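In: okay, sequence plus prediction incoming.
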Amino acid sequence: MTSFWTGKRVRLRGIEPEDWTAFMRFAVDEERLGDLLQPPRSAEGFRAWAKEQAAADSDGDRFGLAIEAVGGGEIVGAISSHQADPRAGWFEYGITMGAEHRRKGFAAEAVVMLLRFMFGERRYHKCQARIFAHNEASLALHRRLGFVEEGRLRDHVFSAGRHQDLVVMGLLAVEFAQLHSMGEL
């Protein structure tokens, strides 16, 4: 049996100190996408962040993982569970993909892997994702995976010189189980 964290296209793994260059590229890619603009960060800042992530203890059900292409070992993106309420049974996650790795099935496989873990192993009831309304590719990906739009926060974020909507999408464990196998990818 292969690892639970390895699929046909990607392997999810912990962040290593040497991953800092990939995360620096992802920051540039997200800026080009029109995501929230941040001040430039030094290479040393990315190195320190990656080193800190690699050594960090688990924070319950909040964690970040690198998405690595199977076969080549290249980091193609990152996925994280960044909020979790075990009592209420929901968690929120986020994903970023390197520009040259989008629309190749990497993101979909990584999300399904994360959802299998959170729904099947950690017994969460619901997953939430917040997506900029202008990010049509991400909205389409989430719809294909079974997420439904639960709400739209109007003019909720300020980016690229204007206020923009934020779309809240959700998926229940039972909906996920109807669409996706809980077994291997």
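Out: Sure, I can see it. Numbers count the residues shown, from 1 in each chain.
In: which parts of stretch 104-119 are buried?
Out: Using 16 or more other CB atoms under 10 Å as the test for burial, stretch 104-119 gives 106-119. The C-beta positions use only the backbone N, C-alpha and C, and glycine is treated the same way.
In: what's next to that stretch, contact-wise?
Out: Identification of contacts with stretch 104-119 by CB atoms under 8 Å, 6 or more residues apart in numbering yields 4-5, 7-10, 12, 61, 65, 67, 69, 76-77, 79, 81, 91, 93, 95, 97, 124, 127, 141, 144-145, 171, 173, 176-177, 180, 182, 185.
In: list the helices and strands the helix-or-strand element of the chain with minimal mean pLDDT packs on?
Out: Ranked by mean pLDDT, DSSP states H and E, the weakest helix or strand in the chain is helix 20-33, scoring a mean of 81. The contact analysis (3 or more CB pairs under 8 Å, 6 or more residues apart in numbering; DSSP states H and E) places helix 20-33 against helix 43-55, strand 75-85, strand 90-97.
In: identify each buried residue in it, please.
Out: Buried-residue list, helix 20-33, by 16+ other CB under 10 Å: 20, 22, 23, 24, 26, 29, 30, 33.
In: as a markdown table, these with distance to residue 52 would be great.
Out: Formatted as a markdown table, the buried residues of helix 20-33 follow (distance: CB to CB, whole Å):
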| residue | distance to residue 52 |
| --- | --- |
| 20 | 10 |
| 22 | 16 |
| 23 | 12 |
| 24 | 15 |
| 26 | 17 |
| 29 | 22 |
| 30 | 20 |
| 33 | 25 |
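In: coming back round to it: among the contacts of stretch 104-119, which ones are in strands?
Out: Per DSSP state E, strands hold the following members of the contacts of stretch 104-119: 10, 12, 65, 67, 69, 76-77, 79, 81, 91, 93, 95, 97, 127, 171.
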